[in-house]
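Visitor: Have a look at this prediction, sequence included:
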Amino acid sequence: MQKPSAMLSMLSTAVEAGGFRDVDYALAKFIHNEAQDADPALLFSAALVSYQLGRGHVCLDLEACFDDPDSIFPVNASLLVDDPQYGCVTLQQCMTQIGYAAWIQRLAHAEIVGSGTGNTPLVLVGPRLYLRRYWQHERNIESMIQQRMAKTASIAATLTRHQALFQATLTSLFTAHQGPESDWQKLACAISARSAFSVITGGPGTGKTTTVVRLIALLQTLALADNKATPLTIRLAAPTGKAAARLQSAIASAISSLPVEVRTRVEAHLDSEVSTLHRLLGPQRDSRQFRYNARNPMPVDLLIIDEASMVDLDMMASVLSALPEHARLILIGDKDQLASVEAGSILGELCLRAEQGNYLPSTIDWIQQMTGEIIPSDLQNTAGDALSQHVVMLRKSHRFSDASGIGQLARAVNLGDIAAMRAVWHGAYKDIHYLHFPTDNLQTLTQQLAGKPTNQVIGSGYAAHFSRMSSSQPTLDEDLDTFDQWARSLLTEYSQFQVLCALRNGDAGVEGLNLKIEAALAGQGLIPTNQPWYSGRPVLVTQNNYSLGLMNGDIGLTLHYPLNAAGGRAWGLRVAFIGKDDAVHWVSPSRLNHIQTVYAMTVHKSQGSEFEHALLVLPPKMNPVLTRELLYTGITRAKARFTLVTLDNQTVPEEAAARRVKRASGLSF
Ligand SMILES: Nc1ncnc2c1ncn2[C@@H]1O[C@H](COP(=O)(O)OP(=O)(O)OP(=O)(O)O)[C@@H](O)[C@H]1O
């Protein structure tokens, strides 16, 4: 292959073309600076490791890279090499000529690539090339989870000694189950109770929160029954502020449905404040280190993390290393949702075999003995792996019955079953709608979203929001409580309907749709033109702001608010948010730095939120971002009504459902 300097210049051109990122090039350059004799294949592979990290992959899978380079190489980059042996060819052709085995040999460099020991910046394990930091994270996560899983036998033995209390408590928490199928929530409680590490996964409304509250009640009861009678210190956390707030209210409602005597016990010993993971670890000013870490573990006996699909490798490694050795960890989430924005897909990997169960006879016997519940025989496996004994999948949705189109569509998409997707659309479901707009009619869609002309499915769109706002606006002299009530009711109404987009950029992305909807609203005279802040503007917080008490994902509404001025009150603009304390907070627009207008938001940003009516706009043609997970996540944001919008190409939803993205990683348990 060409000289290292020529490889660097090719990478630099690829950066200019918008293929690789600056940071990818910087890694290759760093390696060249450290080792002038590093092979060009190594420089390119290093840039690719970094590029793949940016796409969520923890490492570069070189085997996959040789099998299908187009799925890994940056699309925009023209990767031409001038090889002394093969001439001027594309890098793909050159790699094919060199072959996988010879390429791996070219990566050998004692100071740059190691197998894990030592301190090389890159680590090569089989076909997987890592940045050392991520390789280390994976190994730490594996060992800390394995160390917890290894305690199962002794925990199970203790529970068996307290069998009578265990059974009585479970019986009080779960009313007699009707029907022939197993009570998966009860099973999940028992499986989690006998382990210091467990995962409870399930689709929307399958009762994950309900189960967790019952599990807390069970574990706290058992802890208090012990001779020492010290209650467990329990913490609940979620990756984003929005998800934390949602869990907080779901927990409160699940606690209120507990039997009275258990409820009192749970309430007395639960720090019901759900925090973000970041906050839980204790961020420190001017430092990337958290207050809690391996040397200074968190004071906690049981940590429960909700929406775990959104937790990336870096954060999971930080959490696990800050968890005291004795503490239990329970992860909750929907394994089929989009993985984290940053690298890693830990929940997905932990749940790879969740559908099949894979329970060992010893697990099944223990569960039956302790709960009376029978795990169906098709979920038994005499050769089941250790991890599967710690994972439970809740299988019955209490939100979507069989008569719900949302539930059926989500299931069909999840299976990638195109025929089933079509059948759902042909069924007479009242809660799902499909709208198609040819691309040159995008304006019709945005006008309809703005309310003119009206569309039967969309109703009067955002025009309704503006008319509600102006018709109910208090007068300048009314007391501030009235303004709070006004804002609260507008925010509640606003959260009923949300436009979701697959993409951020482009006409059919969040940016394009927000601009077009604003233009349509301005066309109706509902908002001023060319004014960033106006009454009625909905905004999404895109970064946690602890001093203002705002969380990434919070939605606020810009409203007229009475301000004190010389000679009395005068109108000003303030943005109203509902805070964690459930009070309305009014923030000056000038204090808000990380926000965006939110008539439309990306599916990624909507994770952890739910809306009565979600309307998902897909782009006019396929895009790498469109996957089964994205479609599933978009559909399951809807609680009561889902509308799918296609532009131009009507096959996009089916093509997206057929595409699964497997993130490269080497976690193994
Ligand atoms: N076993 C059950 N029987 C009847 N209703 C239930 C049962 N379990 C949960 N529910 C109800 O179903 C709804 C969803 O439950 P829950 O919030 O626990 O589910 P979830 O999986 O956490 O949902 P989400 O998708 O919001 O994360 C709640 O209204 C809850 O009261």
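Guide: Cool, the structure landed. Numbers count the residues shown, from 1 in each chain.

Visitor: Alpha carbons of the helix or strand containing Val15, as PDB, please.
Guide: Per DSSP states H and E, Val15 falls inside helix 4-16. Extracted as PDB, the C-alpha positions of helix 4-16 are listed here (Å, rounded to 0.1, in the frame of the first residue of the first chain):
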ATOM      1  CA  PRO A   4       1.900   6.500   5.600                       C
ATOM      2  CA  SER A   5       2.000  10.200   4.500                       C
ATOM      3  CA  ALA A   6      -0.100   9.400   1.400                       C
ATOM      4  CA  MET A   7      -2.600   7.600   3.700                       C
ATOM      5  CA  LEU A   8      -2.800  10.600   5.900                       C
ATOM      6  CA  SER A   9      -3.400  12.900   3.000                       C
ATOM      7  CA  MET A  10      -6.100  10.500   1.700                       C
ATOM      8  CA  LEU A  11      -7.800  10.600   5.100                       C
ATOM      9  CA  SER A  12      -7.500  14.400   5.200                       C
ATOM     10  CA  THR A  13      -9.300  14.600   1.800                       C
ATOM     11  CA  ALA A  14     -11.900  12.200   3.100                       C
ATOM     12  CA  VAL A  15     -12.500  14.600   6.000                       C
ATOM     13  CA  GLU A  16     -12.800  17.600   3.600                       C
END
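
Visitor: Now whatever residue of the stretch 301-450 of the chain ends up closest to the ligand: closest residue in space that isn't a chain neighbour?
Guide: The ligand sits closest to His398 of the stretch 301-450 of the chain, with a gap of 3.3 Å, by Cβ to the nearest ligand atom. Any C-beta I mention is one placed from the backbone N, CA and C, and that applies to glycine too. Using Cβ to Cβ, 6 or more residues apart in numbering and skipping the chain neighbours, the partner closest in space to His398 is Gly205 (5.2 Å).

Visitor: so that neighbour touches Lys396, yeah?
Guide: No: judged on Cβ atoms under 8 Å, Gly205 makes no contact with Lys396 at a distance of 9.1 Å.

Visitor: neighbour-wise, which of the two wins?
Guide: Each of Gly205 and Lys396 has its neighbours counted (other Cβ atoms under 10 Å); Gly205 has more, 21 against 17.

Visitor: List the residues that contact Ile406.
Guide: Residues near Ile406 by Cβ atoms under 8 Å, 6 or more residues apart in numbering: 400, 431-432, 635-636, 638, 641-642.

Visitor: swap the cut-off to 7 Å and go again
Guide: 400, 431-432, 635, 638, 642 (Cβ atoms under 7 Å, 6 or more residues apart in numbering).

Visitor: Narrow these to those in helices?
Guide: Here DSSP state H is the test, and the contacts of Ile406 give Ile635 as lying in helices.

Visitor: Next, the buried residues of stretch 537-547.
Guide: For stretch 537-547, a neighbour-count test (16 or more other Cβ atoms under 10 Å) marks 537-542, 544-545 as buried.

Visitor: and the residues you listed as CSV, adding secondary structure, pLDDT and distance to the ligand?
Guide: What follows is these, written out as CSV (DSSP: H, G, I helix; E, B strand; the rest coil; pLDDT from 0 to 100; distance: Cβ to the nearest ligand atom, whole Å):
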residue, secondary structure, pLDDT, distance to the ligand
Arg537, coil, 97, 28
Pro538, strand, 97, 23
Val539, strand, 97, 24
Leu540, strand, 94, 20
Val541, strand, 92, 21
Thr542, coil, 89, 23
Asn544, coil, 80, 21
Asn545, strand, 85, 25
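
Visitor: quick one: the residue in the stretch 51-200 of the chain positioned nearest to the ligand from Gly333, how far?
Guide: As assessed by Cβ to the nearest ligand atom, the ligand sits closest to Gln185 within the stretch 51-200 of the chain, at 5.5 Å. Distance, Gln185 to Gly333, using Cβ to Cβ, to the nearest Å: 16 Å.

Visitor: Then Arg574?
Guide: According to Cβ to Cβ, Arg574 and Gly333 sit 36 Å apart.

Visitor: out of those two, which sits in the busier spot?
Guide: Shown here are Arg574 and Gly333; by other Cβ under 10 Å, Gly333 has more neighbours (27 against 22).
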